[in-house]
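S.K.: Mind looking at a prediction? Sequence and model below.
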Amino acid sequence: MTHPILTARFAAFATFCGLNLFAASARADLQIAFDSAAEVVYDDGWHDGDNGGFGFSGWGELGISTNSFGHFVFDSSANGFAPSGNINTAGRAWGMYANNGATSTALRGFDALLPGQTFSIAMDNGFVDPGGVVGFSLIGVDTAFTFSFTAGDSNYMIDNSIDTGFGFTDDGFTVALTLTGETTYDLAINGDTVHSGTFSQITPIFAVRLFNSNAGPDPPRDIFFNSLSITAAVVPEAGAVVAWSLLAGGCIVASILRRSASAKVDADVA
C-alpha cells in the first residue's frame, strides 16, 4: 500500500506544479488600445471628436445625422429579427444607419499595427437591402483590408472577393485580425481562424473605417460596432523561460520519485 504521508506531500507538489505550469503556458496579451460604447463620453450619443478608452485618436467622419444617414448609441439587439443577440457593453453599442443611397462612416486612428499585434472589433449587422453593404476597412495610405457583408450574399467576405465561410447572422460576433508579418495576417471570427492571407495593399495600417452603405431604413437594418481593441502578444523574458523550464524539470523528477517511493513502500509492506 502507498504511504499516506508520502502521498499527501507529493500530491501537494504535483498540484503546485500543475497550477504553475498551466499559468506559465497561458498566453499573455498586452492591451495597447481599447474603447467601448460603455464609456461615459458616449452618454450623450456618438459624435465627431469623441474619444473614450485609450490608445486611439478621436472619432471622425461621423458628421451630422440626417434622415438618410447617421450615428447613435443604443441596444444592438434591436436590429435584425429583434430581439436578436447583441454585442452590448453596459446595454449599448455604437449604431449606424443609411438609406436613400447614402453611406454612414466612422473613422478611428491609432499607432501603426506591427507584426504580432491583433486588431479586434465586435460587429452586429441587421438586414441589408439590395444594393447595400456593411462592414469595416483597415486603412493606411490605401485600404489594406475590408471585411463586409453585401446584400444577396450568404457569407461575409474579405476584400469583396474572399469568402470567409461565415454565414449571415444578426446576433453579433467578434472579428480579430492578427499581423503574422509585414504583409500577412490571420483572420478569426469568434476565436476561430477563417483565413490566412496577404493584405490587398502594402501599407502601414493606422486607422479603421466603419461603414454602412445604404443598408436600408428602420432599426432592423442598423449596424452596430463595439469593443474596439488592439493587443500584442507578450513574449516571456529569457530568464522567465529558464525558470519555468527548471520548474518543469523539477515536476518531472518529482513524479518519477513519487512512483519510485510508492513502489518501495508497497514492496516493504508486502
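M.R.: Cool, the structure landed.
S.K.: Let me know the secondary structure of the residue lying closest to Gly60 once chain neighbours are set aside.
M.R.: What sits nearest to Gly60 in space, not counting adjacent residues and going by C-beta to C-beta, 6 or more residues apart in numbering, is Leu107, at 4.5 Å. C-betas here are computed from N, CA, C, even on glycine. Taking DSSP: H, G, I helix; E, B strand; the rest coil as the rule, one finds Leu107 in the strand state.
S.K.: which phi and psi does Asn226 have?
M.R.: phi -170, psi 170 (degrees, to the nearest 10).
S.K.: what bridges to it?
M.R.: Beta-bridge partners for Asn226, by DSSP bridges, are Ala122.
S.K.: quick one: contacts for it?
M.R.: Ser36, Ala37, Ser76, Ile87, Asn88, Thr89, Ala93, Trp94, Ile121, Ala122, Asp124 (C-beta atoms under 8 Å, 6 or more residues apart in numbering).
S.K.: again with Phe225
M.R.: Per C-beta under 8 Å, 6+ apart, neighbours of Phe225: Ile87, Ala93, Trp94, Met96, Ala106, Ile121, Ala122, Met123, Asp124, Phe136, Leu210.
S.K.: filter these to the buried ones?
M.R.: Neighbour-count burial within the contacts of Phe225 applies to Ile87, Ala93, Trp94, Met96, Ala106, Ile121, Ala122, Met123, Asp124, Phe136, Leu210; the criterion is 16 or more other C-beta atoms under 10 Å.
S.K.: what about the helices in the stretch 101-250 of the chain?
M.R.: Counting by DSSP state H, counting those that start in this stretch, one finds helices in the stretch 101-250 of the chain at the ranges 238-269.
S.K.: low-scoring pLDDT stretches of it, where are they?
M.R.: 236-250 (pLDDT under 70).
S.K.: In contact with the spatially most central residue of the chain, which residues?
M.R.: Nearest to the mean C-alpha position of the chain, by C-alpha atoms, centre = their mean, lies Ser120 at 3.7 Å. Contacts for Ser120 (C-beta under 8 Å, 6+ apart) come out as Thr174, Val175, Ala176, Leu177, Ser227, Leu228, Ser229, Ile230, Thr231.
S.K.: Return the subset of the residues you listed lying in strands.
M.R.: If you go by DSSP state E, those have Thr174, Val175, Ala176, Leu177, Ser227, Leu228, Ser229, Ile230, Thr231 in strands.
S.K.: Quick one: residues contacting Ile121.
M.R.: Here Ile121 is in contact with Phe136, Thr174, Val175, Val208, Phe225, Asn226, Ser227, Leu228, Ser229 (criterion: C-beta under 8 Å, 6+ apart).
S.K.: What are the boundaries of the strands in the chain?
M.R.: Using DSSP E, strands in the chain cover 29-35, 69-74, 93-98, 103-109, 117-125, 133-139, 143-150, 155-158, 162-167, 173-179, 184-189, 192-198, 207-213, 223-233.
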